[in-house]
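A.B. asks: structure for the following, please:
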Amino acid sequence: MRALNKAWRLAGTALSFMVFGLGALLLAVPMSLNRLLPGPPARRARRGQHLVHLAFRLHLAIMQGLGVMRCQVSGGERLNRPGQLVIANHPSLIDVVCLVSRIRHANCIVKASLRHNPFTRWPVAGAGFISNRDPVTMVEESVRWLRQGGSMVIFPEGTRSEPGQLAPFQRGAANIALRAGAVVTPVFIHCSPATLTKGTPWYRIPARRFTVSLRVGEDINLTPFTGTAPPLAARRLTDYLQQRFSEETHRS
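C.D. replies: Prediction:
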(Lines give C-alpha, C1' and ligand atoms only; values in the text may rest on other atoms or scores of the structure.)
Protein backbone atom coordinates (compact mmCIF):
# COMPACT_ATOMS: atom_id res chain seq x y z
CA MET A 1 0.00 0.00 0.00
CA ARG A 2 2.85 2.38 0.81
CA ALA A 3 4.46 1.74 -2.58
CA LEU A 4 1.10 2.17 -4.32
CA ASN A 5 0.50 5.45 -2.50
CA LYS A 6 3.90 6.77 -3.54
CA ALA A 7 3.33 5.74 -7.15
CA TRP A 8 -0.02 7.54 -7.12
CA ARG A 9 1.51 10.71 -5.69
CA LEU A 10 4.32 10.58 -8.26
CA ALA A 11 1.76 10.33 -11.04
CA GLY A 12 -0.26 13.11 -9.42
CA THR A 13 2.83 15.32 -9.20
CA ALA A 14 3.62 14.73 -12.88
CA LEU A 15 0.03 15.52 -13.82
CA SER A 16 0.13 18.68 -11.68
CA PHE A 17 3.18 19.99 -13.54
CA MET A 18 1.56 19.21 -16.88
CA VAL A 19 -1.63 21.00 -15.84
CA PHE A 20 0.38 23.99 -14.63
CA GLY A 21 2.17 24.33 -17.96
CA LEU A 22 -1.01 23.88 -19.97
CA GLY A 23 -2.88 26.33 -17.75
CA ALA A 24 -0.14 28.94 -18.19
CA LEU A 25 -0.47 28.61 -21.97
CA LEU A 26 -4.26 28.79 -21.86
CA LEU A 27 -4.07 32.00 -19.83
CA ALA A 28 -2.84 33.67 -23.01
CA VAL A 29 -6.45 33.86 -24.23
CA PRO A 30 -8.06 35.76 -21.31
CA MET A 31 -4.90 37.84 -20.85
CA SER A 32 -5.09 38.92 -24.49
CA LEU A 33 -8.77 39.78 -24.14
CA ASN A 34 -7.99 41.72 -20.97
CA ARG A 35 -5.62 43.98 -22.90
CA LEU A 36 -8.49 44.91 -25.22
CA LEU A 37 -10.81 45.96 -22.39
CA PRO A 38 -11.01 49.65 -21.43
CA GLY A 39 -9.15 51.11 -18.51
CA PRO A 40 -5.68 52.35 -17.57
CA PRO A 41 -2.72 49.93 -17.35
CA ALA A 42 -3.06 49.61 -13.56
CA ARG A 43 -6.67 48.43 -13.89
CA ARG A 44 -5.73 45.92 -16.57
CA ALA A 45 -2.91 44.67 -14.36
CA ARG A 46 -5.31 44.16 -11.45
CA ARG A 47 -7.64 42.17 -13.68
CA GLY A 48 -4.70 40.08 -14.85
CA GLN A 49 -3.59 39.50 -11.27
CA HIS A 50 -7.07 38.29 -10.40
CA LEU A 51 -6.91 35.81 -13.28
CA VAL A 52 -3.60 34.48 -11.93
CA HIS A 53 -5.14 34.29 -8.45
CA LEU A 54 -8.07 32.21 -9.75
CA ALA A 55 -5.77 29.97 -11.80
CA PHE A 56 -3.59 29.31 -8.75
CA ARG A 57 -6.66 28.52 -6.64
CA LEU A 58 -7.77 25.99 -9.23
CA HIS A 59 -4.30 24.46 -9.49
CA LEU A 60 -4.06 24.15 -5.72
CA ALA A 61 -7.47 22.46 -5.61
CA ILE A 62 -6.29 19.95 -8.22
CA MET A 63 -3.11 19.11 -6.31
CA GLN A 64 -5.00 18.69 -3.05
CA GLY A 65 -7.70 16.66 -4.79
CA LEU A 66 -5.05 14.31 -6.19
CA GLY A 67 -3.70 13.77 -2.69
CA VAL A 68 -0.30 15.25 -3.50
CA MET A 69 -0.36 17.97 -0.82
CA ARG A 70 -2.29 20.00 1.72
CA CYS A 71 -2.28 23.77 2.18
CA GLN A 72 -3.11 25.26 5.58
CA VAL A 73 -3.46 28.98 6.32
CA SER A 74 -3.78 30.78 9.63
CA GLY A 75 -4.35 34.52 9.94
CA GLY A 76 -5.54 34.78 6.35
CA GLU A 77 -7.95 37.56 7.29
CA ARG A 78 -4.92 39.90 7.53
CA LEU A 79 -4.33 39.64 3.78
CA ASN A 80 -5.98 41.52 0.89
CA ARG A 81 -5.55 45.06 2.21
CA PRO A 82 -4.76 48.12 0.03
CA GLY A 83 -1.12 49.16 -0.06
CA GLN A 84 -0.01 45.93 1.65
CA LEU A 85 3.46 44.50 1.17
CA VAL A 86 3.51 40.79 2.00
CA ILE A 87 6.98 39.51 2.85
CA ALA A 88 7.48 35.75 2.94
CA ASN A 89 10.20 33.13 3.08
CA HIS A 90 10.56 30.79 0.13
CA PRO A 91 11.16 27.13 1.12
CA SER A 92 9.42 25.45 -1.82
CA LEU A 93 8.40 26.01 -5.42
CA ILE A 94 4.72 25.55 -4.60
CA ASP A 95 4.55 28.19 -1.83
CA VAL A 96 4.18 30.92 -4.47
CA VAL A 97 1.01 29.23 -5.68
CA CYS A 98 -0.29 28.79 -2.12
CA LEU A 99 0.29 32.44 -1.20
CA VAL A 100 -0.99 34.10 -4.38
CA SER A 101 -4.07 31.86 -4.31
CA ARG A 102 -5.00 33.71 -1.09
CA ILE A 103 -4.49 37.25 -2.42
CA ARG A 104 -6.98 38.51 -4.98
CA HIS A 105 -4.73 41.12 -6.60
CA ALA A 106 -1.06 40.45 -5.92
CA ASN A 107 1.78 42.04 -7.82
CA CYS A 108 5.10 40.19 -7.68
CA ILE A 109 8.75 40.75 -8.51
CA VAL A 110 9.84 38.08 -10.99
CA LYS A 111 12.98 37.06 -12.81
CA ALA A 112 13.39 38.86 -16.12
CA SER A 113 13.71 35.51 -17.91
CA LEU A 114 10.07 34.67 -17.10
CA ARG A 115 8.93 37.33 -19.57
CA HIS A 116 10.54 35.30 -22.35
CA ASN A 117 9.52 31.83 -21.18
CA PRO A 118 6.70 30.54 -23.44
CA PHE A 119 4.84 29.10 -20.45
CA THR A 120 5.02 32.17 -18.19
CA ARG A 121 5.26 35.18 -20.50
CA TRP A 122 1.48 35.73 -20.76
CA PRO A 123 0.64 35.52 -17.03
CA VAL A 124 3.68 37.65 -16.13
CA ALA A 125 2.96 40.36 -18.71
CA GLY A 126 -0.81 40.30 -18.29
CA ALA A 127 -0.60 40.66 -14.51
CA GLY A 128 1.90 43.50 -14.76
CA PHE A 129 4.47 41.66 -12.66
CA ILE A 130 7.63 43.68 -12.07
CA SER A 131 10.93 42.51 -13.54
CA ASN A 132 14.08 42.34 -11.42
CA ARG A 133 16.29 43.18 -14.41
CA ASP A 134 17.07 46.73 -13.22
CA PRO A 135 17.11 47.10 -9.40
CA VAL A 136 16.45 50.85 -9.49
CA THR A 137 13.47 50.54 -11.82
CA MET A 138 12.23 47.54 -9.83
CA VAL A 139 12.12 49.55 -6.60
CA GLU A 140 10.52 52.59 -8.25
CA GLU A 141 7.75 50.55 -9.91
CA SER A 142 7.06 48.64 -6.70
CA VAL A 143 6.83 51.83 -4.64
CA ARG A 144 4.50 53.38 -7.19
CA TRP A 145 2.26 50.32 -7.16
CA LEU A 146 1.96 50.27 -3.37
CA ARG A 147 1.31 54.01 -3.16
CA GLN A 148 -1.54 53.53 -5.63
CA GLY A 149 -3.15 51.10 -3.19
CA GLY A 150 -1.99 47.87 -4.81
CA SER A 151 -0.68 44.88 -2.89
CA MET A 152 2.58 43.02 -3.46
CA VAL A 153 4.27 39.76 -2.55
CA ILE A 154 8.05 39.76 -2.14
CA PHE A 155 10.42 36.95 -1.20
CA PRO A 156 13.48 38.78 0.20
CA GLU A 157 15.69 35.71 -0.24
CA GLY A 158 15.28 36.09 -3.99
CA THR A 159 15.37 32.32 -4.44
CA ARG A 160 14.26 29.15 -2.73
CA SER A 161 16.09 28.38 0.49
CA GLU A 162 17.70 25.19 1.70
CA PRO A 163 15.57 23.03 4.04
CA GLY A 164 15.57 24.39 7.58
CA GLN A 165 17.51 27.57 6.83
CA LEU A 166 17.17 30.94 5.14
CA ALA A 167 19.18 32.46 2.35
CA PRO A 168 20.49 35.99 3.10
CA PHE A 169 17.76 38.60 2.73
CA GLN A 170 18.29 41.20 0.02
CA ARG A 171 17.57 44.86 0.83
CA GLY A 172 15.09 45.46 -1.97
CA ALA A 173 12.06 44.55 0.14
CA ALA A 174 13.14 46.88 2.96
CA ASN A 175 13.84 49.74 0.54
CA ILE A 176 10.41 49.32 -1.06
CA ALA A 177 8.61 49.11 2.29
CA LEU A 178 10.27 52.23 3.71
CA ARG A 179 9.94 54.36 0.59
CA ALA A 180 6.29 53.41 0.05
CA GLY A 181 5.30 53.61 3.71
CA ALA A 182 3.51 50.34 3.09
CA VAL A 183 1.59 48.06 5.40
CA VAL A 184 4.18 45.31 5.90
CA THR A 185 2.81 41.88 6.74
CA PRO A 186 5.06 38.84 7.26
CA VAL A 187 3.97 35.38 6.14
CA PHE A 188 5.91 32.49 7.60
CA ILE A 189 5.86 29.45 5.30
CA HIS A 190 6.72 25.93 6.36
CA CYS A 191 6.75 22.88 4.10
CA SER A 192 6.76 19.42 5.69
CA PRO A 193 8.25 17.14 4.56
CA ALA A 194 10.55 19.37 2.53
CA THR A 195 9.89 19.07 -1.19
CA LEU A 196 10.35 21.04 -4.43
CA THR A 197 13.29 22.78 -2.76
CA LYS A 198 16.10 24.49 -4.61
CA GLY A 199 17.92 22.03 -6.84
CA THR A 200 15.49 19.18 -6.14
CA PRO A 201 13.87 17.60 -9.24
CA TRP A 202 10.08 17.39 -9.28
CA TYR A 203 10.06 13.59 -9.34
CA ARG A 204 11.93 13.29 -6.04
CA ILE A 205 8.78 13.22 -3.96
CA PRO A 206 8.68 12.82 -0.16
CA ALA A 207 7.68 9.62 1.62
CA ARG A 208 4.25 11.03 2.42
CA ARG A 209 1.88 13.77 1.29
CA PHE A 210 3.44 17.14 2.09
CA THR A 211 1.81 20.08 3.84
CA VAL A 212 2.48 23.75 3.17
CA SER A 213 1.56 25.90 6.16
CA LEU A 214 1.19 29.66 5.86
CA ARG A 215 1.02 31.68 9.06
CA VAL A 216 0.19 35.34 8.51
CA GLY A 217 1.84 37.39 11.26
CA GLU A 218 1.02 40.77 12.72
CA ASP A 219 2.02 43.86 10.73
CA ILE A 220 5.57 45.10 11.23
CA ASN A 221 5.87 48.58 12.72
CA LEU A 222 8.22 50.60 10.51
CA THR A 223 8.53 53.55 12.90
CA PRO A 224 11.71 52.27 14.64
CA PHE A 225 13.43 52.11 11.24
CA THR A 226 12.59 55.64 10.05
CA GLY A 227 14.28 58.91 10.91
CA THR A 228 17.73 57.80 9.71
CA ALA A 229 19.47 57.84 6.35
CA PRO A 230 17.64 55.56 3.87
CA PRO A 231 20.56 53.12 3.35
CA LEU A 232 20.98 52.65 7.11
CA ALA A 233 17.23 52.30 7.65
CA ALA A 234 17.00 49.66 4.91
CA ARG A 235 19.92 47.74 6.36
CA ARG A 236 18.43 47.78 9.86
CA LEU A 237 15.03 46.65 8.62
CA THR A 238 16.60 43.89 6.53
CA ASP A 239 18.55 42.64 9.55
CA TYR A 240 15.36 42.67 11.61
CA LEU A 241 13.44 40.72 8.98
CA GLN A 242 16.24 38.17 8.64
CA GLN A 243 16.30 37.61 12.39
CA ARG A 244 12.52 37.42 12.69
CA PHE A 245 12.15 34.88 9.90
CA SER A 246 15.15 32.91 11.11
CA GLU A 247 13.54 32.53 14.54
CA GLU A 248 10.30 31.33 12.96
CA THR A 249 12.15 28.89 10.70
CA HIS A 250 13.95 27.26 13.62
CA ARG A 251 10.74 27.24 15.66
CA SER A 252 9.02 25.23 12.93
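
A.B. asks: show me the helices in the stretch 151-252 of the chain, by range?
C.D. replies: 172-180, 230-251 (DSSP state H, counting those that start in this stretch).

A.B. asks: low-confidence stretches in this protein?
C.D. replies: The chain contains residues with pLDDT under 70 at 252.

A.B. asks: where do the strands sit along this protein?
C.D. replies: Assignment of strands within the chain using DSSP state E yields the ranges 69-74, 84-88, 106-110, 130-131, 151-154, 183-192, 210-216.

A.B. asks: so can I have JSON lines of those strands showing mean neighbour count and distance to residue 62?
C.D. replies: Where C-beta positions appear, they are placed from N, C-alpha and C, glycine not excepted. Below are those laid out as JSON lines (neighbours: other C-beta atoms under 10 Å; distance: least, C-beta to C-beta, whole Å):
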{"stretch": "strand 69-74", "mean neighbour count": "16", "distance to residue 62": "10"}
{"stretch": "strand 84-88", "mean neighbour count": "24", "distance to residue 62": "22"}
{"stretch": "strand 106-110", "mean neighbour count": "22", "distance to residue 62": "20"}
{"stretch": "strand 130-131", "mean neighbour count": "20", "distance to residue 62": "28"}
{"stretch": "strand 151-154", "mean neighbour count": "24", "distance to residue 62": "21"}
{"stretch": "strand 183-192", "mean neighbour count": "21", "distance to residue 62": "18"}
{"stretch": "strand 210-216", "mean neighbour count": "19", "distance to residue 62": "15"}
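
A.B. asks: reformat those strands as JSON lines; add distance to residue 28.
C.D. replies: Below are the strands of the chain laid out as JSON lines (distance: least, C-beta to C-beta, whole Å):
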{"stretch": "strand 69-74", "distance to residue 28": "26"}
{"stretch": "strand 84-88", "distance to residue 28": "27"}
{"stretch": "strand 106-110", "distance to residue 28": "17"}
{"stretch": "strand 130-131", "distance to residue 28": "19"}
{"stretch": "strand 151-154", "distance to residue 28": "23"}
{"stretch": "strand 183-192", "distance to residue 28": "29"}
{"stretch": "strand 210-216", "distance to residue 28": "28"}
